[in-house]
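K.L.:
quick one: sequence plus predicted model below, questions after.
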Amino acid sequence: MVETTIKQQICILGSTGSIGTQALDVIEQHADRYEVYCLTANNRWKELVEQARKFKPAAVVIANEDHYDNVRSALSDTDVKVYSGAKALNEIVEAAPIDMVLTAMVGFSGLTPTIHAIKAHKKICLANKETLVVAGELICNLAQEHHVPILPVDSEHSAIFQSLVGEGDNGIEKILLTCSGGPFRNLSIEQLQTVTAADALKHPTWDMGAKITIDSASLMNKGFEVIEAKWLFGVPVDKIQVLIHPQSIVHSAVQFCDGSVKAQLGVPDMRLPIQYAFSFPERLSLSGDRLDLFKAHDLEFIQPDMEKFRCLALAFEAIRQGGNMPCIVNAANEIVNAGFRKGECSFLQMADIIEKTMVKATFDMRPDEDTYIRTDEEARLIAAELMRG
């Protein structure tokens, strides 16, 4: 009698983005273990339809309701159920067959579906860093209450997680969070005054979506990862150190109380952290390039310039203040990030507007879920007004 393995059912929130498409590649490589239950997208309905035809999920959700008819019509000859809107996102993650939810949506929009998935006891593979940036304490408390594991998908946080496996309660002296430094790491403040969004989108190492690539250029992405690391690993922010590492070989490291440093090294390939989140504690084979230590690797580690990259400093300030301040910073950043891409503000003005929004927005030391939603709305309005200003 042949033994059949029950396949893990996966819901991908944001399947048409960089993380989502690479996750589908991982699932395809391990079709004996994983199966797509649901795919979701915001606007890229044609890509969603292509993915649905290939992977045959039980359902798809197109968040932008304007595209619902297009998706439904394009999949009318299949058994795939089609839903639309934010409410459908929240409901689909609760579906009984789903074992794990990969949260690969970008921005604040990933928060509420993640909360619904946790309450439905789904394993969370977290690629949407804004969820922990905005509401880290709430998310961690909910995960504990519902006994739900949160597995990091960011390459840096996966590296830290992998370095901590087997360490139990051994004391952490420092988390060493690496970043490439983005395309502007060698420019002066004077040169940064004239850089454009097109310049910022030329990331030297990673292939990511436009929003995250701009955040990487400003180092706000790294600031968000500092906040994320604080919540994921229960480490105070003063024990988290950012290192610019242009080669992106050391994905991050942990320094322990005895001075020992453990790091995870590898070629830049997001499929590895995605797969590790799916399969932990098991390691599965993965096709792709391997790190060749015989090749010349001049590994550099440089301290970031907090005056030049003020967004990173503002993220540190936000998590030190606590409460809803990281939510304020995230909302303002989403506005200025989009504004910079449209030419509505300069690269250096992004930090100015975020800093002013931090002063003007209503601060709440003890926020709940409703507070985060109100804060997000208020901070966006303030930042947009300042940007027009």
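P.N.:
All right, it came through fine.

K.L.:
can you tell me which residues contact Tyr276?
P.N.:
By C-beta atoms under 8 Å, 6 or more residues apart in numbering, the contact set of Tyr276 is 151, 158, 161-162, 283. The way it works is simple: take the backbone N, C-alpha and C, and place the C-beta from them, glycine included.

K.L.:
distance of it from Val80?
P.N.:
29 Å (C-beta to C-beta, to the nearest Å).

K.L.:
how about Val165?
P.N.:
From Val165 across to Val80, the span is 37 Å (C-beta to C-beta).

K.L.:
now Ile139
P.N.:
30 Å.

K.L.:
please apply the same query to Glu173.
P.N.:
Glu173 is 50 Å from Val80, by C-beta to C-beta.

K.L.:
got it, and Glu282?
P.N.:
30 Å.

K.L.:
more neighbours: which of the two?
P.N.:
Neighbour count, other C-beta atoms under 10 Å: between Glu282 and Val80, Val80 has more, with 21 against 9.

K.L.:
now the more buried one. Nearest residue, chain neighbours left out?
P.N.:
Ala52 (5.1 Å; C-beta to C-beta, 6 or more residues apart in numbering).

K.L.:
in which helix or strand would I find that neighbour?
P.N.:
According to DSSP states H and E, Ala52 maps onto helix 45-55.

K.L.:
give me the contact list for the next helix or strand after that helix.
P.N.:
Remark: after helix 45-55, the chain's next helix or strand is strand 59-62, criterion DSSP H and E. Strand 59-62 is contacted by residues 37-42, 45, 48, 51-52, 68, 71, 75, 80-85, 88-89, 92, 95 when judged by C-beta under 8 Å, 6+ apart.

K.L.:
mind redoing it with 6 Å?
P.N.:
With contact meaning C-beta atoms under 6 Å, 6 or more residues apart in numbering, strand 59-62 is reached by 38-41, 45, 48, 52, 68, 71, 80-84, 88-89, 92.

K.L.:
next: stretch 213-231.
P.N.:
The contact list for stretch 213-231 (C-beta under 6 Å, 6+ apart) reads 129, 132-133, 136, 140, 156, 175, 179, 182-184, 200-201, 203, 212, 237, 240, 242, 309, 311-312, 315, 319, 326, 333, 337, 350.

K.L.:
restricting to C-alpha, output that stretch in CSV.
P.N.:
Output of stretch 213-231 as CSV, limited to C-alpha atoms (Å, rounded to 0.1, in the frame of the first residue of the first chain):
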residue,chain,number,x,y,z
THR,A,213,13.1,49.5,-3.3
ILE,A,214,12.6,53.2,-2.5
ASP,A,215,12.5,52.3,1.2
SER,A,216,15.8,50.5,0.8
ALA,A,217,17.3,53.6,-0.8
SER,A,218,16.2,55.8,2.1
LEU,A,219,17.1,53.0,4.6
MET,A,220,13.6,53.2,6.0
ASN,A,221,13.2,49.6,5.0
LYS,A,222,16.1,48.8,7.4
GLY,A,223,14.5,51.0,10.1
PHE,A,224,11.3,48.9,9.8
GLU,A,225,13.4,45.7,10.0
VAL,A,226,14.9,47.0,13.3
ILE,A,227,11.3,47.4,14.7
GLU,A,228,10.4,44.0,13.3
ALA,A,229,13.4,42.3,14.9
LYS,A,230,12.6,43.8,18.3
TRP,A,231,9.2,42.1,18.2
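
K.L.:
pLDDT on it, on average?
P.N.:
The average pLDDT within stretch 213-231 is 95.

K.L.:
okay, buried residues for that stretch please.
P.N.:
213-231 (16 or more other C-beta atoms under 10 Å).

K.L.:
again with stretch 52-68
P.N.:
Buried residues in stretch 52-68, counting neighbours by 16+ other C-beta under 10 Å, are found at 52, 55, 57-63, 67-68.

K.L.:
make CSV from those residues and add pLDDT to it.
P.N.:
Putting those into CSV (pLDDT from 0 to 100) gives the following:
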residue, pLDDT
Ala52, 98
Phe55, 98
Pro57, 98
Ala58, 98
Ala59, 98
Val60, 98
Val61, 98
Ile62, 98
Ala63, 96
His67, 98
Tyr68, 98
